[in-house]
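Undergrad: quick one, what's the 3D model for this:
(one chain, ligands or ions: 1)
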Amino acid sequence: MSEEEKLSYSEAIKKAYASVYRFPLIPVRGIPIMNLIAKNWDSIWAFRPEPSDLLIATYPKAGTTWTQEIVDLLLHNGDAEACKRAPTPIRSPFLEIFSPPPIPSGLDLLKEMDPPRIIKTHLPFQLVPPGFWENKCKAIYVARNAKDNLVSYFHFDCMNMTQPDPGPWEGYILKFMRGEYPCSPGPEVAWGSWYDHVKGYWMEREKKNILYLFYEDMKENPRREVERIMRYLDLSVSDEVISRIVELTSFKNMKENPMANYSCIPAPVFDHSISPFMRKGEVGDWRNHFTPEQSKMFDEDYEKQMKEVNIPFRTLI
Ligand code: A3P
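TA: Coordinates of the predicted model:
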């Protein structure tokens, strides 16, 4: 690209960012998803990964970025500089994301990369392109307890101008539970039900060789979980490198790392002044948000929605 072309491309990108708005959700096989994703659904569903590609799947706000960083560092033997080669969404593309052109889609970025690629998705299990399972790709699923996940998603929906307006907190709880709330713009959250998401991957984890991790375990003992990921990926790095990876992926270090903290996404899209992407990174922050009544109502509903599975979530560590 000539200098002139580069300049006009970067102007076009700026314009595209400025044109984003709180995109409506459109159902894809019953799952509410951002309209641009729904519109491009056929090309997403047809995506064919290579067998060496790795899928990192999560419900939004469960610890995706953290896991992407750990995996990238493991694949680069803990080389911090190598993992600062580009921001997270470039190093590890978001499979289904589509933004106004010319901002590249996840599929555009993947096309330009050589396998093995670290591919992020928030799609529920049944919407993951079947090529991943046909090619026996490895997949890591990270789950976070419902209450902290909800709190994190609420703050994210406040600052991410491509997500539907979360509305007031008390209504958001009902939306997350899939309740109706007359003041909110829609009764559901993007990527659908947390309950169905965590259950979907849980039921398939053995058949599909999915490594199912918990955010709370990562907080409790990051070293143990980094080693677990390393073994799953058939990698072997030294104890010293593991220690370095644990340090580099601490909340504090990632918050300060411009290649991992999403400061790359400009203000018209992510307004970090409303809530930073790297917000708190804690287990149990829900206690600062739920009233005792809200907590009771949520727990009673949780028992019903989760009764057929026994997924060992912890809301405190
Ligand atoms: P909070 O909003 O509770 O702070 P995702 O990457 O899936 O969007 O998840 C974002 C959540 O993970 C945010 O939670 C963010 O702060 C937290 N997070 C990101 N990196 C982390 C890390 N290294 N350690 C702990 N939490 C982290």
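Undergrad: only C-alpha atoms for contact and neighbour calcs from this point on.
TA: OK.
Undergrad: and the longest helix for the chain?
TA: helix 3-18 (DSSP state H).
Undergrad: what's the following helix or strand after that helix?
TA: Using DSSP states H and E, the helix or strand that follows helix 3-18 in sequence is strand 25-28.
Undergrad: which residues touch Ile13?
TA: By C-alpha atoms under 8 Å, 6 or more residues apart in numbering, the contact list for Ile13 reads Pro101, Pro102, Ile103.
Undergrad: looking at the residues you listed, which is nearest Glu112?
TA: Nearest to Glu112 among these is Ile103, at 14.1 Å by C-alpha to C-alpha.
Undergrad: what about the closest one, distance to Lys175?
TA: Distance, Ile103 to Lys175, by C-alpha to C-alpha, to the nearest Å: 30 Å.
Undergrad: what does stretch 106-114 contact?
TA: Stretch 106-114 is touched from outside by Ile44, Phe47, Ile90, Pro93, Phe94, Leu95, Glu96, Ile97, Phe98, Arg117, with contacts defined as C-alpha under 8 Å, 6+ apart.
Undergrad: same thing but at 6 Å, please
TA: Pro93, Phe94, Leu95, Glu96, Ile97 (C-alpha atoms under 6 Å, 6 or more residues apart in numbering).
Undergrad: near the ligand, which residues of the stretch 101-250 of the chain?
TA: Proximity of the stretch 101-250 of the chain to the ligand, by C-alpha under 6 Å from any ligand atom, involves residues Ser152, Thr249, Ser250.
Undergrad: between those, which sits nearest Phe277?
TA: Phe277 lies nearest to Ser152 out of these, by C-alpha to C-alpha, at 9.4 Å.
Undergrad: which SSE is that closest one in?
TA: Counting by DSSP H and E, Ser152 is found in helix 146-159.
Undergrad: scan the contacts of Ile13 and report the most crowded one.
TA: Neighbour counts for those, by other C-alpha atoms under 10 Å, peak at Ile103, which reaches 17 neighbours.
Undergrad: what sits closest to that residue if chain neighbours are left out?
TA: Ile13 (5.9 Å; C-alpha to C-alpha, 6 or more residues apart in numbering).
Undergrad: got it, and Val151?
TA: Once chain neighbours are set aside, the closest to Val151 by C-alpha to C-alpha, 6+ apart is Trp286, at 6.2 Å.
Undergrad: between the contacts of stretch 106-114, which is closest to Ser193?
TA: For these, the residue nearest Ser193 by C-alpha to C-alpha is Glu96; the value is 17.5 Å.
Undergrad: model confidence for the closest one, exactly?
TA: On the pLDDT scale, Glu96 is placed at 98.
Undergrad: Met306 now?
TA: As predicted, Met306 sits at a pLDDT of 96.
Undergrad: now the element after the helix or strand hosting Gly171, going C-ward?
TA: Using DSSP H and E, Gly171 maps to helix 169-176. Proceeding N to C from helix 169-176, the next assigned helix or strand is helix 194-204, under DSSP H and E.
Undergrad: thank you, goodbye.
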